[in-house]
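**Student:** Just a sequence and a predicted model for now, questions to come.
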Amino acid sequence: MQYNTIKDFKLNDKTVLIRVDMNVPLKDGVITDDTRIKASLLSVEYALNNGASVILMTHLGRPKEGEYSEQDDVTPIANKVSELLGRKVQVVDNWQTEGIDLKPGEVIMLQNVRFNKGEKKDSDELGKAYACLCDIFVNDAFGTAHRAQASTHAVAKFAPEVACGLLLDSELKNLEKALSNPQKPIVAIVGGSKVSTKLKVLDKLADFVDNLIVGGGIANTFLLAKGYKVGNSLVEASLVGDALNIINKIESRGGHVPLPSDVYVAKEFSDSAQATLKNIADLDEDDQILDFGPETMSQLSKIVDDANTIVWNGPLGVFEFENFAQGTKQLAEAIAKSKAFSIAGGGDTLAAVSQFGVTDDIDYVSTGGGAFLEFLEGEVLPAVGILLK
């Protein structure tokens, strides 16, 4: 893909509008994971170091469009950016009516873009309003690149100049490295609750990976497709045929979908539930599969160890519950130790990578969730497509 990056422009005395993805988790107004904020500062610091003034815009949460919501106010985000940059970052609420006047080296943040009418509908009018604020629009929000919205797409149609940010550029290059000419054997790990949300990417991966490891509720549907009883586990029985087609597709190429031989089960979905280890053939009707067992993890760790390329999206079990975190923990540690080029992405995956302390041992940790999946599916992301030369 050919596009300009922020480094292709002279920034001195320019106003740079940067769309970042600082949609981070908050609890009682306190940020619980600032990974996305720290990752987004590369372009901000580059612009400031090269004489620009910077306007940041991000979404936060899921407010009703066009209405202010205190819990989705971006002030905690701006305060964290202030702390990390060592300079004041003010939140501007009424920028559409009052305008903005910045000096080089100054940074402000627009209030949550989802408070603006027309944001989700990719309004040209709102896009023009964003574009009027800047000399250069920089998209650095990979996590929202799969959405054509006013702050990611319409703005790029009207801004004087457009560029790809350093984080987005890094995301795209690392994903291309993992997918355009990957070194075999290739292992893909796809976890999550539902096959339906990841059916397209599972089908795409089946075209070229050597081992497709499935976890969570997705694994339950695949187990059901192979004739195993899964008790009271989360499962999509209507997609058994799709799961079987994916298994047959990958096996016809000599690949493999390794399914668990032993699992940890519980009678209820709870962080206090007792974990019971069972053979996959011995489940009771009221058992819920919540994690993979040691025999399975020994097999999967060997597959990961033999890989040369690893793509990871989603946990194996309910890793948020301590009693059911072992499978995902062992997977994370196996990937960290592997010689393979490894790339991990998605919200739950980010949380697991952080929780198990392997961030520095994964070759690339993507900040994207839906965008990560759509890139794996081979889609041209709308907010990236509009930046192409």
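**Tutor:** Arrived safely.
**Student:** So Leu388 sits against Asn139, correct?
**Tutor:** No - counting by Cβ atoms under 8 Å, Leu388 does not reach Asn139; the two are 11.6 Å apart. For the C-beta atoms, the positions are set from N, CA and C on the backbone; glycine is no exception.
**Student:** With neighbour numbers in mind, choose between the two.
**Tutor:** Asn139 (31 against 12; other Cβ atoms under 10 Å).
**Student:** Which residues are in contact with the more buried one?
**Tutor:** By Cβ atoms under 8 Å, 6 or more residues apart in numbering, the contact list for Asn139 reads 18-19, 145, 152, 156, 162-165, 168, 383-384, 387.
**Student:** run the last query once more with 6 Å
**Tutor:** Contact analysis of Asn139 by Cβ atoms under 6 Å, 6 or more residues apart in numbering lists 19, 383.
**Student:** Could you measure from it over to Val20?
**Tutor:** Shown here: Asn139 relative to Val20, a distance of 9 Å by Cβ to Cβ, to the nearest Å.
**Student:** Kindly report the same for Arg36.
**Tutor:** Taking Cβ to Cβ, one finds Arg36 at 8 Å from Val20.
**Student:** With Tyr3 instead?
**Tutor:** Using Cβ to Cβ, Tyr3 is found at 17 Å from Val20.
**Student:** In terms of neighbours, single out the busier of the two.
**Tutor:** Val20 (29 against 18).
**Student:** burial of the closest residue in space to that one that isn't next to it in sequence, as a residue count?
**Tutor:** Setting aside the residues directly before and after it, Val20 is nearest to Ser40 in space (Cβ to Cβ, 6 or more residues apart in numbering), at 4.2 Å. Using other Cβ under 10 Å, Ser40 has 29 neighbouring residues.
**Student:** Next SSE downstream of the one helix or strand Asn245 maps to?
**Tutor:** According to DSSP states H and E, Asn245 maps onto helix 240-252. Per DSSP H and E, the first helix or strand lying C-terminal to helix 240-252 is strand 262-266.
**Student:** Can you report how many residues neighbour the residue lying closest to Ile136 once chain neighbours are set aside?
**Tutor:** Closest residue in space to Ile136, ignoring its immediate chain neighbours: Glu161 at 4.5 Å, by Cβ to Cβ, 6+ apart. Per other Cβ under 10 Å, the neighbour tally for Glu161 reads 15.
**Student:** And the pLDDT for Glu161?
**Tutor:** Looking at Glu161, its pLDDT stands at 98.
**Student:** Which residues does the least confident helix or strand in the chain by mean pLDDT contact?
**Tutor:** Every helix and strand in the chain was compared by mean pLDDT, DSSP states H and E; the lowest is helix 370-376, with a mean of 81. With contacts defined as Cβ under 6 Å, 6+ apart, helix 370-376 is touched by 142-143, 145-146, 175, 201, 345-346, 366, 381.
**Student:** Dump the residues you listed to CSV, plus distance to Asn313 and secondary structure.
**Tutor:** Shown next, in CSV, are these (distance: Cβ to Cβ, whole Å; DSSP: H, G, I helix; E, B strand; the rest coil):
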residue, distance to Asn313, secondary structure
Phe142, 14, helix
Gly143, 13, helix
Ala145, 16, coil
His146, 14, coil
Leu175, 12, helix
Val201, 8, helix
Gly345, 6, strand
Gly346, 5, coil
Ser366, 9, strand
Leu381, 16, coil
